[in-house]
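Enquirer: this is a predicted model, with the sequence first.
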Amino acid sequence: MTIEQLLRNWAHWVVDRPHYGHCYSIEHCYRPPQIWYPPGPRIIVDVREALRVERTMRLLPRQHCAALKFAFVYRAPAAWCAHRLAIPYRDWDGFLHDAMDMVKNLLTRDEKRYPIRTNSTFRAFPETLAA
C-alpha cells in the first residue's frame, strides 16, 4: 500500500471506531429511517494497518499530526488548515508532504525492526520440513 492509501485507511478507521460517551437524554438513541437513498457499499478497513499508522501518529510532532488529521480525517480545505496551524498557505503542500514522509519513514523503520511474519515465511519447526 502507498502512504496515501495507508493514511486513508487510517482515516476511515478513526471515523468508524466507536466513541464512548453521549448526552443523557434519549435523543442519542434516535436513528432516522434510511429511505431517501439506498445504502452504498461499505468501506472495508484494514484494522492492523490502521493501528500501525495510529501508533506512528503518536510519534509525530503535534503540528504534523494535526496536519494529517485535518487533511485525511476532517478533509478540511487547505487554506483553513494552513491558517489553523499558523503556516503560510503557499507552504501547506510541502508541510503535508513532509508529514506524510515522516509517517512513511517511521513505518519502514518499524518494518525493518519488527518484520511481519506470516505462515508462508515463518517456519516453526525447520527440522521437520527438512526430513
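Expert: Here it is on my side, so go on.
Enquirer: residue 4 contacts residue 100, doesn't it?
Expert: Yes: assessed by CB atoms under 8 Å, residue 4 is found in contact with residue 100 at 7.3 Å. For the C-beta atoms, the positions are set from N, CA and C on the backbone; glycine is no exception.
Enquirer: and these two? Which one has more around it.
Expert: residue 100 (20 against 11; other CB atoms under 10 Å).
Enquirer: and the pLDDT for the more buried one?
Expert: What the model reports for residue 100 is a pLDDT of 96.
Enquirer: what's it sitting at in phi/psi?
Expert: phi -70, psi -40 (degrees, to the nearest 10).
Enquirer: now residue 86: phi and psi?
Expert: According to degrees, to the nearest 10, residue 86 has phi 60, psi 50.
Enquirer: can you give me the neighbour number for it?
Expert: 7.
Enquirer: low-confidence bits of the protein, can you list those?
Expert: Scanning the chain for pLDDT under 70 picks out 17-28, 34-39, 113-131.
Enquirer: go again using 80 as the cut-off
Expert: For the chain, the stretches flagged by pLDDT under 80 are 16-42, 110-131.
Enquirer: so where do the helices sit in it?
Expert: Per DSSP state H, the chain has helices spanning 3-16, 47-57, 62-68, 78-85, 92-113, 126-130. These are given in chain order.
Enquirer: and residue 53, what does it touch?
Expert: Residues near residue 53 by CB atoms under 8 Å, 6 or more residues apart in numbering: 6, 7, 9, 10, 103, 107.
Enquirer: nearest to residue 71 among these?
Expert: residue 7 (8.2 Å; CB to CB).
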